[in-house]
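Asker: build me a structure from this.
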Amino acid sequence: MADYTLTATLDRPYAEAVDDVRRELAEVGFGILSEIDLAGTLKKKLGVDVAPQVILGACRPQLAHQALAADPSIAALLPCNVVVRAVDERTTIVEAFDPQAMIAFAGDTGHGLRAVADDARQRLTAALAALTGEGH
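Answerer: Take a look at the predicted model:
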């Protein structure tokens with residue numbers, strides 16, 4: 001997978017995985033600000049079929065506020081996108097934008113972004129681990 005994502009492969013159907021991802025994100029303090037049905041949008045706009053997948057815009061307001069205080073332009077990289085994508089009837093991939101990649105894009109010139117990225121990454125990693133059973 002890409003160097004800018006945190007990834008988990010789940011042995012469960014897509015619809016169940018979406019519900020589980022929402023629950024685990026909430027467990028680590030993230031709310032969902034936006035939701036994009038990517039498959040539905042591409043079908044409607046282009047008439048193409050892709051695997052069921054949704055982009056969840058996950059946000060922890062405290063972290064977003066800290067990041068914006070450090071660098072207002074970081075808003076272009078918020079919220080943390082989490083993609084849930086069906087592979088087949090029993091397998092689902094979950095990918096989250098790695099907050100450490102935010103540092104690669106924006107840099108951390110003493111503005112405190114690294115601490116925010118570290119916290120967000122730890123929370124997202126914990127949610128993915130819980131989804132795969134590694135966090136129990």
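Asker: residues making contact with stretch 9-29?
Answerer: 31-32, 52, 54, 56, 58, 60, 62, 82, 84-87, 89-94, 123-124, 126-128, 130-132 (CB atoms under 8 Å, 6 or more residues apart in numbering). Just so you know, the C-beta spots here come from the backbone N, C-alpha and C atoms, and that holds for glycine as well.
Asker: show me these that map onto helices.
Answerer: Assigned to helices by DSSP state H, the following of the contacts of stretch 9-29 qualify: 62, 123-124, 126-128, 130-132.
Asker: that older thread, any of the contacts of stretch 9-29 buried? List them.
Answerer: Using 16 or more other CB atoms under 10 Å as the burial test, the contacts of stretch 9-29 include 32, 52, 54, 56, 58, 60, 82, 84-86, 92-94, 123-124, 126-128, 130-131 as buried.
Asker: separation between the residue nearest the centre of the chain and residue 106?
Answerer: For the chain, the residue nearest the mean C-alpha position is residue 82 (2.3 Å; CA atoms, centre = their mean). Look at residue 82 and residue 106: by CB to CB, to the nearest Å, they are 20 Å apart.
Asker: how many residues are close by residue 100?
Answerer: For residue 100, the neighbour count with other CB atoms under 10 Å is 15.
Asker: where does the prediction get shaky in this protein?
Answerer: Low-confidence segments of the chain (pLDDT under 70): 1-2, 107-111, 135-136.
Asker: which stretches in it count as strands?
Answerer: All strands of the chain, identified by DSSP state E, fall at 5-10, 31-37, 53-59, 80-86, 92-97.
Asker: would a markdown table of the ones you listed with distance to residue 43 be doable?
Answerer: Shown next, in a markdown table, are the strands of the chain (distance: least, CB to CB, whole Å):
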| stretch | distance to residue 43 |
| --- | --- |
| strand 5-10 | 24 |
| strand 31-37 | 9 |
| strand 53-59 | 12 |
| strand 80-86 | 14 |
| strand 92-97 | 19 |
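Asker: got the phi/psi numbers for the residue lying farthest from the centre of the chain?
Answerer: Of all residues in the chain, residue 47 has its C-alpha farthest from the mean position, at 26.4 Å, by CA atoms, centre = their mean. Phi and psi for residue 47, reported as degrees, to the nearest 10, are phi 70, psi 20.
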